[in-house]
Every structure is written in C-alpha cells, then in structure tokens.
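Trainee: Provided below are the primary sequence and the corresponding predicted coordinates.
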Amino acid sequence: MWQKLIAGTCVMTGAVGFGLALCGELGNEIAHLKKQKELLLYVIGEITYLHRPAAEILSMAAERMGEPYAAFLERTSAQLEERSGRMLAEIWSGNLECLMESELPKEALRYMERMGACFGCEGDKMQIEYFRLFERELDERISVLSAKRSENSRLISALSALTGVLCIVLFL
C-alpha cells in the first residue's frame, strides 16, 4: 500500500512539475524580451543625449547586461573597434552565432537580429526613430506574451494537476 502512495506522489509531482516548466518557458521568453528592451533603451539614451560612438556604447552596455548578452556585446564592440571596414549591422549579424549557442528563445534571438538592422540607418535622428519603432514593437510583444502567460498559466497548472490525478486513478 505504501508503494502506491509513493508512486502516486511521484506521478503528481511529475505532472505538476511539467506544468510549471511550461509556464516557466513563457516567463523566460518575457524576461529575455525585457532585457532586450533594457538594452535598446540604453542605446537610445546614449545616442540621443551623449552621442557616443557605437563601439563605446556597446562596450558600456555589455557591463550592464547579463549573460549571454554581455559576451555578445563585448565581442561586437571589440570587432567594431578593429575598424576592419565592416558595418555594425554586418558585425552584429555575424556575432549572432554566439547567441545561438546559448539557451536564448528563438523569438528573442529573432528580435536581437532585428535590433542589429536598426543600426543600419544613416544619421542619429533616423536611427533613434527606428529604435523607437522597434521599442514599441517589443512593448507590444511583451504585453501579448504577459497576457498569454497569465491566461494560460492557471489553465496549464490545473490541467497538469488533473492529468496527474487521472494517471493515478488509471494506473493504480
């Protein structure tokens, strides 16, 4: 009898843990998009008010950001300072392989790629406006994912617990 109790506990723990892992994936995606928005706002502020060069902005942003963004930004800044004749957008897209190896969600990786395209604009004002447009798009996606997470997290948790109970009833 005690074996059935332990088996039932293990099944319920596994079912609830699976539900929490699914909810955690949505939270992870939102956290990465918020981190990218933080990077974007930092870049906008540096360009708007201090007019620093891109290599310096990226190097300073790397100090503020956590991994995997810090390594990516530091690498991009170092390559930009080499002055090899390559454009920042080209260096940015070439260094995305560094982020692909990390556990970055695919959507966050797509947004990082698009952020690099924002650096291709000529002139500060045009670049800032392009960054602002990208910021609004990020805000919208974060709000959609947050609503989806709050809506689905209760459902996923309840369904995973019910699935655990169903498995206990069927197999024990």
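Mentor: On my side now, so go ahead. In this text, all values refer to a predicted model and were calculated from it rather than measured experimentally. Residues are numbered from 1 along each chain as shown.
Trainee: In three-state terms, label residue 121 for me.
Mentor: Local secondary structure at residue 121 is given as coil here, using DSSP: H, G, I helix; E, B strand; the rest coil.
Trainee: What sits closest to it if chain neighbours are left out?
Mentor: Beyond its immediate neighbours in the sequence, the residue positioned closest to residue 121 (Cβ to Cβ, 6 or more residues apart in numbering) is residue 127, lying 4.2 Å away. (C-beta placed from N, C-alpha, C; glycine too.)
Trainee: Name the nearest residue to the residue most central in space within the chain, ignoring sequence neighbours.
Mentor: Within the chain, one residue has its C-alpha closest to the average C-alpha position: by Cα atoms, centre = their mean, that is residue 32, at 2.3 Å. Here the nearest residue to residue 32 in space, its sequence neighbours aside, is residue 108; by Cβ to Cβ, 6+ apart that works out to 3.8 Å.
Trainee: ok, now which ones touch that neighbour?
Mentor: 29, 32, 33, 36 (Cβ atoms under 8 Å, 6 or more residues apart in numbering).
Trainee: what ranges of the chain fall below the confidence cut-off?
Mentor: Of all residues in the chain, those with pLDDT under 70 make up the ranges 172.
Trainee: Would you mind finding the longest helix in it?
Mentor: With secondary structure taken from DSSP state H, the chain has its longest helix at helix 124-171.
Trainee: pretty sure residue 116 contacts residue 99?
Mentor: No. Applying Cβ atoms under 8 Å as the test, residue 116 and residue 99 come out as separate, 10.7 Å apart.
Trainee: quick one: what helix or strand has the residue nearest to the centre of the chain in it?
Mentor: helix 2-45 (DSSP states H and E).
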